[in-house]
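Asks: Show me how the following folds:
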Amino acid sequence: MPDIYIPAGPADLIDQMVVVQTLAANAPDATSRTLYSQRLSQMETLAAELLPPHAHRSTAGVTAARTDLLQLEADMRDCEARSDFGVSFIALTRAYLAARATLLERKRAFDAAVGPALSPNCDTVGKRDRHA
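Replies: Down below sits the predicted model:
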């Protein structure tokens with residue numbers, strides 16, 4: 001599979017790592033688990049190459065906010081499976097919206113603290129070194 005390059009901030013990378021880590025942990029079969037684990041490994045390598053050394057110390061806020069959001073999504077799916085769209089579903093929906101706002105706030109703060117993820121020599125596809 002060819003690499004796909006998209007502009008992303010440091011917080012987006014951390015956020016996607018949490019999502020892929022969760023997918024790997026909850027994968028229904030070994031093949032899926034392996035695929036997600038490989039993707040996570042690639043993201044971890046990218047983070048080690050592109051993020052400043054101090055960045056790993058401040059990922060907790062983004063990680064916790066995404067983890068909360070994923071748990072709320074799972075709880076909402078459970079309500080849906082039970083066709084329970086009453087007070088608890090409404091409360092989960094409100095909590096989900098608040099958690100999304102928290103995630104965005106923490107991602108902005110992380111990006112402000114860490115700075116841009118791309119190095120000056122790979123800020124556009126035309127300049128990007130295509131080594132794999």
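
Asks: so who does residue 88 touch?
Replies: Residue 88 is in contact with residue 79, counting by CB atoms under 8 Å, 6 or more residues apart in numbering. Placement of C-beta: from N, CA and C, glycine included.

Asks: Okay, buried residues for the strand or helix carrying it please.
Replies: In the assignment (DSSP states H and E), residue 88 maps to helix 87-114. Buried positions in helix 87-114, judged by neighbour count with 16 or more other CB atoms under 10 Å: 89, 92, 95-96, 99, 102-103, 106-107, 110-111, 114.

Asks: what does stretch 50-61 give?
Replies: Buried, per 16+ other CB under 10 Å, within stretch 50-61: 50-51, 55, 58-59, 61.

Asks: and the gap between the residue in the chain sticking out farthest from the centre and residue 93?
Replies: In the chain, counting by CA atoms, centre = their mean, residue 86 sits farthest out from the average C-alpha position, at 30.0 Å. To residue 93, residue 86 is 11 Å away according to CB to CB, to the nearest Å.
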